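Q: model this:
(chains A and B)
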Amino acid sequence: GAVVSQHPSWVICKSGTSVKIECRSLDFQATTMFWYRQFPKQSLMLMATSNEGSKATYEQGVEKDKFLINHASLTLSTLTVTSAHPEDSSFYICSAVIRAGGHTYNEQFFGPGTRLTVL
Amino acid sequence: QQQVKQSPQSLIVQKGGISIINCAYENTAFDYFPWYQQFPGKGPALLIAIRPDVSEKKEGRFTISFNKSAKQFSLHIMDSQPGDSATYFCAASISGNTPLVFGKGTRLSVIA
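A: Numbering: from 1, shown residues only, chains lettered A, B, ... in the order given. As a prediction, this is how the structure comes out:
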């Protein structure tokens, strides 16, 4: 299957600092990527939809000024958690949708996740 | 309002047994139903998926059964193994690049 990478795999930061998480599609182009957050023993919660070359669409309750998303190319989307606080500690996961030959496929391939711990 | 309801929350199965996880959805516009397997500290991995034009899909030990009229679908894991112990999520979406709606997950433990 298609490969999606995330970097870093884990990060520990002090409260008030900003953290950038990268999501890359390694062997395909992804015009759309999704960002999810997962708290321990819970399901994935969609945070935002990231479209290449346009502004991200945020889910209700997700602060767009706090979670900055940039989808600068067909293979890279970044999530920046600005002024992080302990309540932002979570597992952040991205996924990408394959687009090839003018067709967008349903299958979403997930990255390995990034564990963020804010002290 | 949760659009995809998943049950049970947890499941313990003997090695070699059948694991069954059920999901129900509300939005009749959904036309793509995948199942994901997630191990602790890892991202979800696509296991198997089905579309509403078929009632069953089998891949190895994994089978999805789909009932369009009841708006339900289920995952069956045959000959369950300890290595299958993980959290399983059902999901649904509408064709195209729309986000997945996830169930709450089922933690499966396969004991020897």
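
Q: contacts, neighbours, all on C-alpha from now
A: OK.

Q: For residue 88, the count of nearby residues, please.
A: Picking chain A for this. 17 (other Cα atoms under 10 Å in any protein chain shown).

Q: wait, I meant chain B there
A: 28.

Q: Longest strand of chain A, counting residues only.
A: As assigned by DSSP state E, the longest strand anywhere in chain A is strand A:90-100.

Q: quick one: contacts of that one?
A: A:4, A:6, A:23, A:25, A:28-40, A:104-117, B:43, B:97 (Cα atoms under 8 Å, 6 or more residues apart in numbering or on different chains).

Q: again with stretch A:4-12
A: A:21-26, A:94-96, A:109-119.

Q: Narrow the residues you listed to those that are buried.
A: Among these, the ones that count as buried by 16 or more other Cα atoms under 10 Å in any protein chain shown are A:21-25, A:94-96, A:109-118.

Q: What about those, which are in strands?
A: Mapping those onto strands (DSSP E) picks out A:21-25, A:94-96, A:109-110, A:114-118.

Q: For B:Pro34, state which of the residues you listed is nearest.
A: Among these, A:Phe109 lies closest to B:Pro34 (Cα to Cα), at 11.3 Å.

Q: Return the residues in contact with that closest one.
A: A:Gly1, A:Ala2, A:Val3, A:Val4, A:Ser95, A:Ala96, A:Val97, B:Ala45, B:Leu46.

Q: quick one: which of those residues is nearest B:Gly83?
A: The closest of the contacts of A:Phe109, once distances to B:Gly83 are taken by Cα to Cα, is B:Ala45, at 14.4 Å.

Q: could you show me where the strands are in chain A, in order?
A: So, for chain A - with DSSP E - the strands run A:4-7, A:10-13, A:19-25, A:32-38, A:45-51, A:57-58, A:67-73, A:76-81, A:90-100, A:103-110, A:114-118.

Q: Sheet-wise, list the partners of the fourth one with their directions.
A: On the basis of DSSP bridges, the sheet neighbours of strand A:32-38 come out as strand A:45-51 (antiparallel), strand A:90-100 (antiparallel).

Q: Dump these into a markdown table; add mean pLDDT as well.
A: Listed next are the strands paired with strand A:32-38 as a markdown table, based on pLDDT from 0 to 100:
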| stretch | mean pLDDT |
| --- | --- |
| strand A:45-51 | 93 |
| strand A:90-100 | 87 |
